[in-house]
Structure formats: structure tokens, C-alpha cells
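1. here is a sequence together with a model predicted from it:
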Amino acid sequence: MEYIPNTQKRNIRIFFRNLRNPIIKIFENLFIPMSEEQLQDSSRSPPPFDPSQPTIPISYPLKTLEELESRVYFSSFHYPFNVSSVPIQSGSLASRPRILVCHDMAGGYLDDKWVQGGTNEGAYAIWHWYLIDVFVYFSHNLVTLPPPCWTNAAHKHGVKVLGTFITEWKEGRAICNVLLSTKESAQMYAERLAELAVALGFDGWLINMEVDLDKGQIPNLKEFVSHLTQTMHSSMPGSLVIWYDSVTIDGSLDWQNQLNDKNKPFFDICDGIFVNYTWKESYPKLSAEAAGDRKFDVYMGIDVFGRNTYGGGEWKTNVALDVLKKDEVSAAIFAPGWVYETNQPPDFQTAQNHVVDHGFCSWWSLVEKSWGIQQKYLRELPFYSNFDQGHGYHFAVDAVQVSDASWCNISCQSFQPFLEFSEDSTKTIQVIVNPKEASYSGGGNITFQGTLQGNAYFMTRLFLGEILLGNSPVHFTYSVKSDGSSLVGLSLELSSTLNERMSVLLAAQGHTLLTMNQFSSKFSKVIMPHRVVEMEEAPGWVIQESSIEMNGYILTEIHTVCYKLKLDRVDLKLDSQSDDNDLARSGSNYYAVLGHLTVKTSDQNSDFPPSSSWQIEGQHIKWASDSQGAKTLSAEIIWKLKDGNYSISQNYIVYVEKLANKVAGNSGGMLKKEQEYLGVAQVEAFYVSDFVVPSGTSSLKFIIQVRGTDGAGQKLDDCPYFQLDVEDDSSLNCSQDRRSNLSEMDGNPIAELREIHNYYIFVKILVVGTIVWLFGYYLSFFCWS
């Protein structure tokens, strides 16, 4: 046996002495259980977000280059829900000064992160899309992916949507060292960004490199911007890449506040520049001169919070806008959510809406007064609007209220009306989008309330557009709920190719002779409705339909006309349609609600595929019991046409019927003969979360109602559905017993943590025992070999 020197023995003893203390610590931790306080502290911490696990769908950013490079987002459970469902109709941006709006609010991903909608009726939203050309969703995360609700609403109104790629602070510098390490790495990350935009359906990127760089990194930075721009253009015609005025061509983080030689090299290889907002009055004109024939691609920043911005922002934002309009460059309005975040008086709705009412000027009216209307929605048929702003205190479908819960979902925004007011306080009718009033569809409407004297009538603008009318009749269908004597008509403004102008009144039902006498001298033509339907399911709502044939004319404007007919006994004798209540119509009070408007030709009626055309199934089905012992279900319902896509679908409404084998007094059937509203889906999937299943329920029938772009919905009896048998109590208990003791663990995070801790102790014993055995084995081999 070989002799071991004393020095080597001493080293071995020192080694084991140093190893002894950590081993003792490990064993102390093994056998000393966590205290109740430690378990409670652990239970308060939410589990880390795992995007691969089924849960309520959300939108979220990417925070690291590793996430971007690995394409891990595409394996997320949330990815399919985050795809925009509304393609943009417009192509290239208009050749004129434009308005870009950059949304930055409290880090982003607030109420808007809930893809299927949230519960905060007062959540922030923008509905002034006719004043906007480009919308940027901004946050301080590395890769900010716009929640699909913003893309859907913006695209509907012809507005492009950009995500944000930003590097800042020391972490951003480290990211740039990787991003710009080689030409190939710059190209690869650019391609990853382009892939995300195309897959999710938004229109490009704002690039903000707010870090100091080595001058040697600039060529690869230019390659990154250039390659991203080219890849976006080839993958998505009409897309945009906009550079933020930050790092300069020499690598310094030095905001120029204008377009000049230090940032123009980046401007030259992309679609525009977002100039920092601390510019001086002469800078817009200097920037326009530097841009040459691309001056409209220069977006001069305005910080609505007023942080060193020209004009001071806030309620003086129009001061900067006026300068930019004069110098014919574009504007970039940063953080218009200032109105919401700072609780501007008297309330958000009043401060936000673009009205001027009795001397009060709202924030968006400053923008419209300075720059005018940028977008016109009435571009193609069919056209439909229920005036929904994407939030409400209830939800209605075809005049029937299906939910009385508060909600928010910007994806549900319909075409927004161009409501206008003057400062003339003599106007006696107040016009608002009022979510607290009854709705025909969704949670919106236009409410008219005030007084009208005699034969006076009130007109307000609804929509502007440019639709060339052809040989086919065009049908205008709208819903009204009123006090009976208050009438609502539509005024159409048309022009011919020879610049001949006409105004046509689509009058309300009844009293044809009186209507003609009152309005024939004020409009080129008066048309009475050819179809009137009173809604039996929703008393008070009336559907009116009128048609026009104006071949070769262009429909440019739609206005509402509020009026009351002044009736006397002579009029009543002349008009056989009158009844005994008509004498009461001479009062001056006016109240009416406009629920929706549809404009289409006869060949544009929705033709829904039959139920058998759909493939529908459930995935990630999970049964559980809540803290009161009630059975709950979480599941993903997905559907698709067996043969292709349904191109005229606007969205889907999801209902559930609860079925039972035996109900008291009824052999089989539903617990109640009704469909319970679950929510609205923009994509062909919907996640049901913790749905409480009443006792006695044998199966659940999930119904997917297809809604067309004209606002029509498929009859529920003809809709595709997925029927799921309810797991019986015995199998539910067995599966729960396999997980753990149900009475302790289900709904009890402390018990769950204690169970996890016990498993953790067992694993540590195995691991430490194995380590000690291996050390002993190798030590004996080392000492005696």
C-alpha cells in the first residue's frame, strides 16, 4: 500500500473541515420545517408567469434578447389570442403632414392586456382615430408588442400600428453589445422583429436606441435599421420603421431635437424620424429643409405632460401643433393619456371627448381645431357602427341585454362617429355617446336629449367618407329608442362627378304628409322608410330601413336629424296614421337613442356557413372545485371552418347552455331555456376560466355565434357548438385525491406550499445522501490507490 505524506493528509483534513459546515447547514434545513409565517409569506407571492401554461389570455412584452432570438413567443399559449383579426385597408401613408400618437401609460399592459376583455368600465382608450395616422404602443420593455385590441381598433379606422424596440441604461448598452456584435447578428435580430410584426398583424416598429455606443458599432446599427426596414417592406407592403432621435452617427446619446447631419443617416434608411420633443420654434422649418421631399416623414415630438416641450403641452398642446402645421412637417404626440393619468376635470369622458360644449373645450378638440380631420371611415360597403367605444356597463346583442356586468375591450370598438359641437350655447340638444343608456349592440349608443320648439330640428355630423354609388340600391338601416314623439332621421350629403350637390333626408316613420310639408323645402329629396320593425324581444326599440338609388353620385357625409312633428287637429284629420296620443306630441322635450347604423347593398347580406361546416373542439380541459365546493371548469374552445376561412366575419360571441339529464318537472333538457353570455372572441378561440357549473348539470353546450361585418348575427340554433359532458363527482374526487388531500389543499395555498415543502425535503435527502456517498467512494479510492 502506498504511503500518504503528512502534508497531503493535512490538506485532506482541511478539505473536509471546510466541507463540514455547509453539509451541516444543508441537513439543518432538511429537517427543520418551514414555519407557518414562512409558508404564509411564500403564499402571498404570485407564481412566476409561465406563458406556456393555459390561463386567461394576456398580452405581454419580451424583455430579453434571448426571448427574441429563440422565438419562444410562438410556443406561448397566449400567442394565438394576440393575433390581430382586423387587416388595415389603407396602403401607403397620405402625402401630407400627419399625426403620430405614441401611447405611453404607467409602463403599459394595464387593462388593455386582457385579450378577451377586462372588467374596468373606466379603462383608458382612444376613440378619436379620425385625427390619427400612426399609433405607437410604447413601454420601457425591450420589445413592446401592441395588445391586439389597439391594432384591431386602429386598423378598423385606417390607422397604422407600431410596436417599440428600445434599449436604455446600462442593461441596454449590454444588449447592444450583443445585438451589434456582427453584421449577421444585427440582421438576425431585425428578422426576428419583422417576423413578430407580420405574425401578430401590426405594421412595424419604432426604434429607440437611448444608449451611448462605440463609433465602431454604428455600421452594424445602420445595418440593423436598414435590414429591418427592407424586411418589413418585403414581408408587409405599407409597413413602417421609424427612428427615434436618440443616439447620433458618432455613437453619442445626444438628442438633436431636429433632423440634421447627426441623425439623418438613420432617417435615410428607414421610413421616418420621431424627433425628440424639446425643439425650438425654428427647428421644424430647419428639419423640413433637411428632409427635402420627405418632410412629411419628419414627426416632431410633443410631450403632452409638458416636460420641456415647445408650447408647454397639456391644454396648450395646440400651440406646438400650430407651428408644425405651418411648417408642413408631421407631429408625434407623446402620452395623450395625460388626460386620464392626471384626472383632468371634470371627468375623463368630458375631458377626452372632442366636443366644445357650453364653453368647455376638451383635449382632443385642440387637435382637431389645429389640424382638422385626418381619416374618413365611410370608404367601402358594407358599413356598420354601433358607436361602441370599447367599454360599458352592460352588453347587448340585437337590442337584448345579455349582460349587466361592467366591461372593457378596445377590440369591440366600432366605427366612431365624428360628433361635433360649436360654442353656440343656444344649441338645445346635447349629443353624447352614453354607455349608461340602453344599447342595441355592445355597450354604446348616441343619446340625444334636450328641447325642440315648434318645427325646429337639430342636425349633427355622424360620418364622413367617399363612396361611389352604383346601379344597385343602397339600404340604410338604423335602430332608435325614443319617448315616442322624438324622431330621428338621416341626412345624406352627395355630390356628382359634375360637382352637383344633393341632400337627401331619410325620414322617420309615420306622418308622411306632415314630414313632406316640414322638410321638402329644406332637402333635395325626402324618402320615407319602406320597412319598420318594432322589436318584440326589446320593447321600445324600432328598426327603420330606407333605400336610395343615386347611380354615379358620391356619398360624402351622413348626419342625424332630430325633430318633432308639430301636430294640431287639422293635421290629425289629414293624416290617417295618427292616433289618440299624437296630441301629446306638441311638447318640447326631446329624447332619443340611436343604437346602430348599417349601410349596404342587397347582395351584401351575411350568408353564414352552416353549423356542419365548422370543426370545433375543447382543449386544456380542467375540472376543479372552488373554496365553497362548487364545481368549476377551465377550458380552451377552438373552432375553424373545415374548408378555408370565413372572410366576412367581424367577431364571435360565445354563449353556454347548461344541460341536465333530469330536471324537476321536466325529463331532460336545459336547466333553463336560455344561453348565458360568456364573452366576445376576435380570433377562432376562447378561453373559459373557472366557470361555475351548477349542481345537476350533465353537460355544457358552448355556442359560437358568428357575427358579420354588417352587424348581423347567425341564428343561435344554426350556430356551431361544442358539447362537453360534466365530469361526475366521483371521478372529480378521485383525481383530486391523487393530487393530495382535497379538504386541506384545494383552494388553500398554505397547504399546497406545505406539501411542496415536504416533497422538497425528500428530494434534498436523496441528493445530499448521493453526494456524501460519492465523496466517500472517491476519497477512499484516492487515499488507498
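-> It's in.
2. what's near enough to touch L452?
-> 428-429, 458, 562-564, 588, 590 (CB atoms under 8 Å, 6 or more residues apart in numbering). Bear in mind the C-beta positions are built from the backbone N, C-alpha and C, glycine included.
3. same thing with L213?
-> 173, 176, 180, 221, 247, 251 are the contacts of L213 under CB under 8 Å, 6+ apart.
4. can you check H140 too?
-> 107, 166, 168.
5. so N589 makes contact with Q453?
-> No. In this structure N589 lies outside contact range of Q453 using CB atoms under 8 Å: 10.6 Å.
6. low pLDDT regions in the protein?
-> Residue ranges of the chain with pLDDT under 70: 1-46, 354-361, 421-426, 567-587, 645-649, 661-673, 729-785.
7. report the central residue of it.
-> Nearest residue to the geometric centre of the chain (CA atoms, centre = their mean): C149, 1.5 Å.
8. hang on, that one is in a helix, isn't it?
-> Yes. Secondary structure of C149 (DSSP: H, G, I helix; E, B strand; the rest coil): part of a helix.
9. excluding chain neighbours, what is closest to it?
-> I410 (3.7 Å; CB to CB, 6 or more residues apart in numbering).
10. what distance do you get for the one you found to V115?
-> 11 Å (CB to CB, to the nearest Å).
11. my read: the residue nearest to C149 touches A153, true?
-> Yes. With contact defined as CB under 8 Å, I410 reaches A153; the gap is 5.0 Å.
12. now do the shared contacts for these two.
-> 125, 390.
13. V504: what secondary structure?
-> Strictly by three-state DSSP, V504 counts as strand.
14. sorry, slip of the keys, the one I care about is Q401.
-> Under three-state DSSP, Q401 comes out as strand.
15. offset the numbering so it begins at 30, please.
-> That works, and once the first residue is 30, the last one we named lands at Q430.
16. neighbours of it, how many?
-> For Q430, the count of nearby residues is 14 (other CB atoms under 10 Å).
17. related to what we said a few turns ago, tell me the buried residues within the contacts of L242.
-> 202, 205, 209, 250, 276, 280 (16 or more other CB atoms under 10 Å).
18. now those residues in CSV, with distance to F363 and secondary structure?
-> Converted to CSV, these look like this (distance: CB to CB, whole Å; DSSP: H, G, I helix; E, B strand; the rest coil):
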residue, distance to F363, secondary structure
R202, 24, helix
C205, 23, helix
L209, 27, coil
L250, 23, helix
V276, 19, strand
G280, 25, coil
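19. what about the helices in the stretch 180-329 of the chain?
-> When assigned using DSSP state H, counting those that start in this stretch, the helices of the stretch 180-329 of the chain occupy the ranges 198-208, 212-229, 247-264, 293-296, 312-320.
20. P502 is nearest to which of the ones you listed?
-> helix 212-229 (39.9 Å; CB to CB).
21. which elements pack onto the closest one?
-> Where contact means 3 or more CB pairs under 8 Å, 6 or more residues apart in numbering; DSSP states H and E, helix 212-229 is packed against helix 94-99, strand 189-197, helix 198-208, strand 233-239, helix 247-264.
22. how does it look with 6 Å?
-> Contact partners of helix 212-229 among helices and strands, from 3 or more CB pairs under 6 Å, 6 or more residues apart in numbering; DSSP states H and E: helix 247-264.
23. buried residues, the helix it packs on. List them.
-> 247, 249-262.
24. isn't the residue nearest to the centre of the chain up against Q442?
-> No. Contact status for C178 versus Q442: not in contact, 8.2 Å apart, counting by CB atoms under 6 Å.
25. follow-up on the earlier one: now the buried ones among the contacts of L242 in JSON lines, with distance to G341?
-> Formatted as JSON lines, the buried ones among the contacts of L242 follow (distance: CB to CB, whole Å):
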{"residue": "R202", "distance to G341": "33"}
{"residue": "C205", "distance to G341": "34"}
{"residue": "L209", "distance to G341": "38"}
{"residue": "L250", "distance to G341": "34"}
{"residue": "V276", "distance to G341": "27"}
{"residue": "G280", "distance to G341": "33"}
